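Q: Compute the structure for the input listed below.
(one chain, ligands or ions: 1)
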Amino acid sequence: MKAIVITTPGGPEVLKLQEVEDPQIKDDEVLINVEATALNRADTLQRKGSYPPPKGASPHPGLECSGTVVSVGKHVSRWKVGDQVCALLSGGGYAEKVAVPAGQILPVPPGVSLKDAAAFPEVACTVWSTVFMTSHLSSGETFLVHGGSSGIGTFAIQIAKCRGVRVFATAGSDEKLAFCKKLGADVCINYKTEDFVARVKEETGGKGVNVILDCVGAPYFQQNLDSLDFDGRLFIIGTQGGAKTELNIGSLFARRLTVQAAGLRSRSLENKAEIVSEVEKYVWPAITAGEVKPVIHKYFPLSEAAEAHQLMESSQHIGKIMLVP
Ligand SMILES: NC(=O)c1ccc[n+]([C@@H]2O[C@H](COP(=O)([O-])OP(=O)(O)OC[C@H]3O[C@@H](n4cnc5c(N)ncnc54)[C@H](OP(=O)(O)O)[C@@H]3O)[C@@H](O)[C@H]2O)c1
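A: As a prediction, this is how the structure comes out:
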């Protein structure tokens, strides 16, 4: 089959479409003929050599896909040949075929095309496992998401809104903020021209928000703590601005704050299956009802993965960037 190979660590130009061995499935896995895959920020780090695939994962990039089941392992009972599905992957999505543990597969939500369904697994599993399963964001609470126009942000705004949450979003341009507003964000903050802590305080009567989803890391750490209400929860999923900082433990004491961080890719198979199952139970109905829609910036042919990475690194996109084999 054809797949995108990271020929050597480096810039987007190191991504080459090459002939590689077909993946072999294990007894608890399914082989999917890939209809579409989507980019994630982590793919750009893997390409540069700073985010190696976990043990046993495909060496090729691609953390999610949609497609048709073409064969099933002997211990798989739920899925059969011909099923149209989407899946959370540990790698290998930038390819014509991929082998996936059966517990990481979801049906294509009714009303969503097979192609567009590839936009959901990574954002849905990341946001659901952090903001909802761990930080317990609930109806009537307030939520700040940084990078509101990102793949993660566009999904987080929609799912939080349809669960009765007041949503705050940051982004780096007025065009991106207008899009966040259209998705339902209540308070949109341009992080390049405004002080988000001051704005959060102003909009919450001085209290702060209940939950923050952060992808910036060190430079926002103290500001995030300063933006939380009593019993507030900060969940860090990215360190785009750096990972090392100082913490004054006193700022956690005063308002009983919780700080957590996690990655999805390195979780155990059991843990991923549990997240995928919760996503099907709680998120899929919102997608089926049309309350959460895929936000797709552009489709590229798989052979243009380098151009797609260039676009992601330019940060001009809103929502997901897709690849089609
Ligand atoms: N831990 C996990 O399991 C997990 C899983 C998926 C994603 N992530 C992380 O989540 C983030 C989003 O991922 P993605 O794939 O959706 O990427 P993406 O679409 O490329 O989004 C990156 C976003 O970061 C925003 N950003 C950068 N610097 C910022 C700052 N100083 N303040 C506010 N926003 C800032 C950008 O906003 P502007 O363009 O407006 O500057 C952009 O919206 C990435 O950091 C990624 O690594 C983590």
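Q: In the stretch 151-300 of the chain, what residue lies closest to the ligand?
A: Across the stretch 151-300 of the chain, no residue is closer to the ligand than Gly238, which sits at 2.5 Å (CB to the nearest ligand atom). Yep, even glycine has a C-beta here, placed from its N, CA and C like the rest.
Q: For the stretch 101-250 of the chain, what lies in contact range of the ligand?
A: Contact residues, the stretch 101-250 of the chain versus the ligand (CB under 6 Å from any ligand atom): 122, 126, 146-147, 149-153, 170-172, 176, 191, 215-216, 237-238, 240-241.
Q: 5 Å - rerun?
A: Taking CB under 5 Å from any ligand atom as the test, the list of the stretch 101-250 of the chain residues beside the ligand reads 126, 146-147, 149-152, 170-172, 191, 215-216, 237-238, 240.
Q: Tell me the buried residues within the residues you listed.
A: The neighbour-count test (16 or more other CB atoms under 10 Å) marks 126, 146-147, 149-152, 170-171, 191, 215-216, 237-238, 240 as buried among those.
Q: farthest pair in those residues?
A: Spanning the widest gap among these are Thr126 and Tyr191, at 20.6 Å by CB to CB.
Q: how deep is Leu257 tucked in, by neighbour count?
A: Leu257 has 19 neighbouring residues, counting by other CB atoms under 10 Å.
Q: Would you mind listing the residues in contact with it?
A: Leu257 makes contact with Leu225, Leu228, Asp231, Gly232, Arg233, Leu234, Ser251, according to CB atoms under 8 Å, 6 or more residues apart in numbering.
Q: For the stretch 1-150 of the chain, give me the ranges with low pLDDT.
A: Within the stretch 1-150 of the chain, no stretch falls below the threshold (pLDDT under 70).
Q: my guess is Phe221 meets Asn248, correct?
A: No - between Phe221 and Asn248 there is no contact under CB atoms under 8 Å: 10.3 Å.
Q: between those two, which one's more packed in?
A: Just comparing Phe221 and Asn248: by other CB under 10 Å the higher neighbour count belongs to Phe221, 23 against 10.
Q: Locate the more buried one within the secondary structure: which element?
A: Under the criterion of DSSP states H and E, Phe221 resides in helix 221-226.
Q: for Val216, same thing?
A: Assessed by DSSP H and E, Val216 sits outside every helix and strand.
Q: Tell me which stretches of the stretch 1-150 of the chain form helices.
A: Along the stretch 1-150 of the chain, the stretches classed as helices by DSSP state H, counting those that start in this stretch are 41-48, 121-127.
Q: What is the neighbour count of Asp116?
A: Neighbours of Asp116 (other CB under 10 Å): 23.
Q: what comes up buried for the helix or strand just after the helix holding Phe221?
A: Remark: after helix 221-226, the chain's next helix or strand is strand 228-236, criterion DSSP H and E. Within strand 228-236, the residues scored as buried using 16+ other CB under 10 Å are Leu228, Asp229, Gly232, Arg233, Leu234, Phe235, Ile236.
Q: Now do the same contact list for the second one.
A: Taking CB under 8 Å, 6+ apart as the contact definition, Asp229 lies against Thr142, Thr204, Lys207, Gly208, Val209, Asn210, Arg255.
Q: okay, the residue nearest to it when sequence neighbours are not counted: pLDDT?
A: Ranked by CB to CB, 6 or more residues apart in numbering and with sequence neighbours excluded, the top spatial neighbour of Asp229 is Gly208, at 4.1 Å. In this prediction, Gly208 carries a pLDDT score of 98.
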